[in-house]
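Student: Predicted model follows, preceded by the sequence.
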Amino acid sequence: MARNRAFIFLGPPGAGKGTQAKRIAQSCGLTHLSTGDMFRDAIRRGSALGRVVQPIMERGELVPDDVVMKMVEERLSQPDCAKGFVFDGFPRTLPQAEGLDRILERSGFGKLVVVDLAVGEDKLMRRLTGRRTCSVGGEIYNVYDLPPKVDGICDNDGGKLVQRADDTAEVVKQRLAAYERATKPLTEYYRRRGVLHVVDASANMDEVSRALGEIVKRAEGRNGHL
Ligand code: ADP
């Protein structure tokens, strides 16, 4: 019996998709798939893909759909995705959503479950410009809302905390504009298909995690409908 183990977290940059997707993946035994992390990894490794996407990301624009889809399709074919996965930062355009539908039709993941992490624009700037990431393990902090115990150092592994190159005020504006234009229409796309849940992501991290955990558990417990 196919279980519903294919999740998407939608929401604007700064909604907390990365933090929440990592937590849920760990607690529910899903593979966390962040297209943004995959691209940053390619840039770090200096691969051909990394060289293509680096200037695009630095401007806060979207990577072309064909480049994204090729990477995603390859990633989904790897064995660790068979247990189920949660996408964070993908799909970001209508063609990407349609491409994912085609891939899922051929697989046995059951029904797609989409969660929109909704949060007002006023909170986003503070969350994005305050964000710091561990350069070793990738844990996410926020200097205002979720500070580490020691300034600039990861609580888990002592790694140095760094700011993402695209978290500057100027680039954040571009990313929010790209979200409004290309990604926001996806909530309507999924709502019409009856697979959309909306969670208030302006609540504190633990409350949001609890709400998401319940959605995941409920979705897995049922087949065919939410
Ligand atoms: P955020 O959601 O906070 O903007 P991400 O790490 O998800 O951060 O994405 C960072 C950047 O990577 C985006 O601004 C974009 O340039 C690129 N990117 C990531 N995922 C996609 C995607 N699915 N389609 C197009 N571009 C993407």
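Tutor: Noted; the coordinates are in hand.
Student: Could you use CA atoms for every contact and neighbour count after this?
Tutor: OK.
Student: tell me how far the ends of stretch 78-98 are from each other?
Tutor: As for stretch 78-98, its first-to-last residue distance stands at 21 Å under the measure Cα to Cα, to the nearest Å.
Student: Counting neighbours, which bits of it end up buried?
Tutor: Within stretch 78-98, the residues that count as buried by 16 or more other Cα atoms under 10 Å are 81-82, 84-94, 96-97.
Student: So which of those residues are in helices?
Tutor: For the buried residues of stretch 78-98, membership in helices holds for 94, 96, 97, with DSSP state H as the criterion.
Student: List just the nearest of the residues you listed to residue 185.
Tutor: Taking Cα to Cα as the measure, residue 185 lies nearest residue 94 of these, at 7.7 Å.
Student: Could you check the pLDDT of that closest one?
Tutor: Confidence per residue is given as pLDDT, and for residue 94 that number is 97.
Student: Just confirm it contacts residue 184, I think it does.
Tutor: No: with contact defined as Cα atoms under 8 Å, residue 94 does not count as touching residue 184 (9.7 Å).
Student: Closest one of the ones in helices among the buried residues of stretch 78-98 to residue 166?
Tutor: Checking those one by one against residue 166 (Cα to Cα), the nearest turns out to be residue 96, at 22.2 Å.
Student: That closest one and residue 71 touch, don't they?
Tutor: No: because the distance of 11.6 Å does not satisfy Cα under 8 Å, residue 96 is recorded as not touching residue 71.
Student: interface residues of the protein facing the ligand?
Tutor: Where the chain comes near the ligand, counting by Cα under 6 Å from any ligand atom, the residues are 13-14, 35-37, 56-57, 60-63, 68, 89-92, 175.
Student: next SSE after the worst-scoring helix or strand of the chain on mean pLDDT?
Tutor: Using mean pLDDT, DSSP states H and E, the weakest-scoring helix or strand in the chain turns out to be helix 121-129, at a mean of 86. Toward the C-terminus, helix 121-129 is succeeded by strand 131-134 as the next helix or strand (DSSP states H and E).
Student: Just the pLDDT at the spatially most central residue of the chain, thanks.
Tutor: If you average the C-alpha coordinates of the chain and look for the closest C-alpha using Cα atoms, centre = their mean, you land on residue 88, 1.7 Å from that point. Taken from the predicted model, the pLDDT recorded for residue 88 is 96.
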